[in-house]
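Trainee: Below are the sequence and a predicted model for it; my questions follow.
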Amino acid sequence: MQYYLAIDIGASSGRHILGSVVNGTVQLEEIYRFDNGIQEENGTLVWDIDHLVKEVKAGIAQCKVLGKLPSSVAIDTWGVDYVLLDADKREILPAVAYRDGRTAAAQEKVHAILSPDTLYARTGIQKQSFNTIYQLFCDKESGKLQKAAHFMMMPDYLSFKLTGVIQNEYTNATTSGLVNAEAKTWDEDILAALELPEALFLPLSLPGAVVGGFTEAVQAEVGFNATVLHAPSHDTASAVAACPVDDASVYLSSGTWSLIGTENARPILSKAAQNANFTNEGGVEYRFRFLKNIMGMWLFQNIRKELGKQYTYDEMMEMAKGSDYRGCFDCNDPTLTAPESMLGAIRALLGDENLPLPDVLSAVYHSLARSYQIAVEAMEALSRKAIDRILIVGGGSKDRYLNELTARTTGKRVVTGLPEATALGNLLAQIMQGKTISLQQARELVKQSFPLKETTI
């Protein structure tokens, strides 16, 4: 049997999922899971990249233990973050995490050189304080960039640690704010204007492209060799690749972030799209993910962590359902990015520092559903599509109450499923590689393998 290994790493955890095609359906088997998270180091929020590399290899080694050796491996992660290497291919640390506040002043400095209007017209990427463009400008100002000879987004770096090959993959690169939406390459004018060394940015590889085989050292460590491919290496690009979407539907990839959007053949670079802060991120086969980033399960994750994880997510859901409170707040308010107290930040936005926990949780639920409604209405106007259905995928699709509220608030049909959408999209890129199977056929394979469920209200 032929196996494929998807390594899917999010902001809080990573998983290794083996995939195979049996009797016309995709079979999934999670074989390894590990924790991930942002750490504070000398006042800076960073990623422990040594830990990530160690866990990536440990999960691959588990394939050998199980006697299920994949023919290929591909990695997807979150966007915008990266690792720099010097001329000797040594890491230039720290690998700063996107939630660090270092870019606050950098935005104004970048916009004094290139206006937000110019940046959006060229890249189609929404303005977010943590975009790679602002992070790299910070590195230039600090002198860190002067030491760099190589730049890789996080999944490119992890693939490099397996193969010794340095490449830049397209879908994750588009989250940087440095890729020209029309040309689909690094924007040389932006790089020149900001004095970012063009030599750092390699030609962009597409999902399915070969990176290389394991190095001899990695082979000795994990016990076998395999070909490393590019997944749609931005996790949302992988999730959307698995979604059976059409012009009458939008996807909602529900995890730490809620990514709600539609799929277009061309970017929408209008002033109206910019004002609505929609983004045009790259997808498989040069399709554009026209979407809105909304802080999603991050809100619940932080509340639960703040409470010492004394409640399960289901228990928190039941508390919210029992509340009559209907206050709402802006889920993307900057104070929610990395607060010391998520409960305190939300209560401040709601104007009541003593608001009971069930009411706070109810507010989170209703605020998320309201934000989805606003996003769908904006998408209909900007893309001129009549939206009938919202397809909710990812781990957050298991939240029954949020699904019901979304259906009730938006007035759209809500269909759920594919909790492992990201891993599925990663695997589809591997299955499609070198075969005569189209993206449409791959999505049909997903529909046959994982039936969707309509939410009733």
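Mentor: Now that the structure is in, tell me what you want to look at. Bear in mind that the values here come from a model prediction, so they are computed numbers and not experimental data.

Trainee: quick one, phi/psi of the residue lying farthest from the centre of the chain?
Mentor: Distance from the centre of the chain peaks at N354, with 34.0 Å (C-alpha atoms, centre = their mean). When read as degrees, to the nearest 10, the backbone of N354 gives phi -110, psi 20.

Trainee: Buried by neighbour count: which residues of the one helix or strand G19 maps to qualify?
Mentor: Under the criterion of DSSP states H and E, G19 resides in strand 13-22. Across strand 13-22, burial judged by 16 or more other C-beta atoms under 10 Å covers 14-21. All C-beta atoms are positioned from the backbone trio N, CA, C, and that covers glycine.

Trainee: Kindly report the same for stretch 306-314.
Mentor: For stretch 306-314, by 16+ other C-beta under 10 Å, it's Y311.

Trainee: likewise stretch 220-234?
Mentor: 222, 226-234.

Trainee: Put together JSON lines for these, with distance to R347 and pLDDT on each row.
Mentor: Listed next are these as JSON lines, based on distance: C-beta to C-beta, whole Å; pLDDT from 0 to 100:
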{"residue": "V222", "distance to R347": "48", "pLDDT": "98"}
{"residue": "A226", "distance to R347": "50", "pLDDT": "98"}
{"residue": "T227", "distance to R347": "51", "pLDDT": "98"}
{"residue": "V228", "distance to R347": "46", "pLDDT": "98"}
{"residue": "L229", "distance to R347": "46", "pLDDT": "98"}
{"residue": "H230", "distance to R347": "43", "pLDDT": "98"}
{"residue": "A231", "distance to R347": "40", "pLDDT": "97"}
{"residue": "P232", "distance to R347": "38", "pLDDT": "98"}
{"residue": "S233", "distance to R347": "38", "pLDDT": "98"}
{"residue": "H234", "distance to R347": "33", "pLDDT": "97"}
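
Trainee: got a markdown table for those residues, with secondary structure and distance to F34 too?
Mentor: Formatted as a markdown table, the buried residues of stretch 220-234 follow (DSSP: H, G, I helix; E, B strand; the rest coil; distance: C-beta to C-beta, whole Å):
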| residue | secondary structure | distance to F34 |
| --- | --- | --- |
| V222 | helix | 15 |
| A226 | coil | 19 |
| T227 | strand | 23 |
| V228 | strand | 19 |
| L229 | strand | 21 |
| H230 | strand | 22 |
| A231 | strand | 18 |
| P232 | strand | 22 |
| S233 | strand | 18 |
| H234 | strand | 20 |
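
Trainee: on contacts alone, who are the packing partners of the longest helix anywhere in the chain?
Mentor: Longest helix in the chain, counting residues (DSSP state H): helix 357-383. Helices and strands touching helix 357-383, by 3 or more C-beta pairs under 8 Å, 6 or more residues apart in numbering; DSSP states H and E, are strand 249-254, strand 257-264, helix 271-275, strand 288-295, helix 297-306, helix 313-321, helix 342-350, helix 400-410.

Trainee: Could you rerun that using 6 Å?
Mentor: strand 257-264, helix 313-321, helix 400-410 (3 or more C-beta pairs under 6 Å, 6 or more residues apart in numbering; DSSP states H and E).

Trainee: what does the model give the residue farthest from the centre of the chain for pLDDT?
Mentor: Note on N354: pLDDT of 97.

Trainee: Distance check, it against T406.
Mentor: Going from N354 to T406 by C-beta to C-beta, to the nearest Å gives 29 Å.
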